[in-house]
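Q: Predicted model follows, preceded by the sequence.
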Amino acid sequence: MGIFSRTRDIIAANVTDLLDKAEDPAKMIRMIILEMEETLVEVRATAARNIADQKEMRRHISKLEKLEESWTEKAELALSKDREDLAKAALVERQKATDMAEQLQGEIGALDEALKSSEADIAKLQAKLREARARQNAIMTRLESAHNRIKVREAYAGSKVEEAFARFDVLERRVDFAEGRADALYMGQEPKSLEEEINELKSSEKVDAALEALKASVARKG
């Protein structure tokens, strides 16, 4: 069952009010747009039929006008032959053609009015359809934004984040263990005495002196 009872209801409808009252605005706006599009197609189809009918009527009127001319000529011929009875009968037939043409002209005029009304309705329906589509775009943008916010919140509060932090904890424990091993290597070692440190300096000086002597020897040989 449609939302509207058709063209006039759609033109008079307040899309915003309909959406505000809807439990599912996204579904409602899709239904509204679908019904507007269907109605627009129907109004255009009716206008097309009216235009086709007018063209057919004008062709028929053209034939009737030729028929009127033909009966006029026949009436004139009958009078010229002193056949007033035949002339009168011809005029009766001509009047039938004239009456039919006038009737068709009246119907064409009525179709003209209907076409003007259809044209106005099509313009209003198109405006309403643009409004509905704009509302749909706004609703879809809001829905997408809401879904994105939900995804972000789920990402922060979800199991993946917890797993990532758990992996960080494991890495930190490994680093703590490595640092502990390094510190443990120095555990139990007594600090060097002053004499040991001085002896190391003397030993270092001897090595440096020997290195210099070796350099000088190599330079002389070169």
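A: Ah, there it is. The shown structure was predicted, so the numbers you read here are calculated from the model rather than taken from an experiment. Numbering: from 1, shown residues only.
Q: What is the helix or strand hosting Asp112 packed up against?
A: Using DSSP states H and E, Asp112 maps to helix 84-157. If you count contacts as 3 or more C-beta pairs under 8 Å, 6 or more residues apart in numbering; DSSP states H and E, helix 84-157 packs onto helix 7-12, helix 15-21, helix 25-80. In short, each C-beta sits where N, CA and C put it, glycine included.
Q: Outline the domain layout of the protein.
A: Structurally, the chain divides into domains by automatic domain parsing as follows: 7-157, 158-189, 196-222.
Q: Looking at these, which one is packed in the most?
A: domain 7-157 (a mean of 14; mean count of other C-beta atoms under 10 Å).
Q: Output stretch 56-76 as CSV, nothing but the C-alphas.
A: Extracted in CSV, the C-alpha atoms of stretch 56-76 (Å, rounded to 0.1, in the frame of the first residue of the first chain):
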residue,chain,number,x,y,z
GLU,A,56,-5.3,11.9,-33.7
MET,A,57,-8.2,14.3,-33.1
ARG,A,58,-6.6,17.0,-35.3
ARG,A,59,-6.1,14.5,-38.1
HIS,A,60,-9.8,13.5,-37.8
ILE,A,61,-10.9,17.2,-37.8
SER,A,62,-8.8,17.7,-41.0
LYS,A,63,-10.7,14.8,-42.6
LEU,A,64,-14.0,16.2,-41.4
GLU,A,65,-13.2,19.6,-42.9
LYS,A,66,-12.6,17.9,-46.2
LEU,A,67,-15.8,16.0,-45.8
GLU,A,68,-17.6,19.3,-45.2
GLU,A,69,-16.2,20.7,-48.4
SER,A,70,-17.2,17.6,-50.3
TRP,A,71,-20.9,17.7,-49.0
THR,A,72,-21.0,21.5,-49.8
GLU,A,73,-20.0,20.8,-53.4
LYS,A,74,-22.5,18.0,-53.6
ALA,A,75,-25.3,20.3,-52.3
GLU,A,76,-24.3,22.9,-54.8
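Q: How far off centre is that stretch?
A: When distances are taken as C-alpha atoms, centre = their mean, to the nearest Å, stretch 56-76 is centred 56 Å away from the chain's centroid.
Q: Let me see the mean pLDDT of that stretch.
A: Stretch 56-76 comes out with an average pLDDT of 96.
Q: Residues contacting that stretch, please?
A: With C-beta atoms under 8 Å, 6 or more residues apart in numbering as the test, stretch 56-76 has contacts from 86-88, 90-91, 93-94, 97-98, 100-101, 104-105, 107-108, 111.
Q: what's the most distant pair in these?
A: Leu86 and Leu111 (37.6 Å; C-beta to C-beta).
Q: Report the helix or strand with the lowest average pLDDT across this protein.
A: Here the helix or strand of the chain ranked lowest by mean pLDDT, DSSP states H and E is helix 159-185, holding a mean of 67.
Q: quick one: the helix holding Asp112 to helix 25-80, angle?
A: For helix 84-157 against helix 25-80, the angle by axes from the mean of the first three to the mean of the last three C-alpha atoms, to 10 degrees is 170 degrees.
Q: now helix 84-157: how far from the chain's centre is it?
A: 24 Å.
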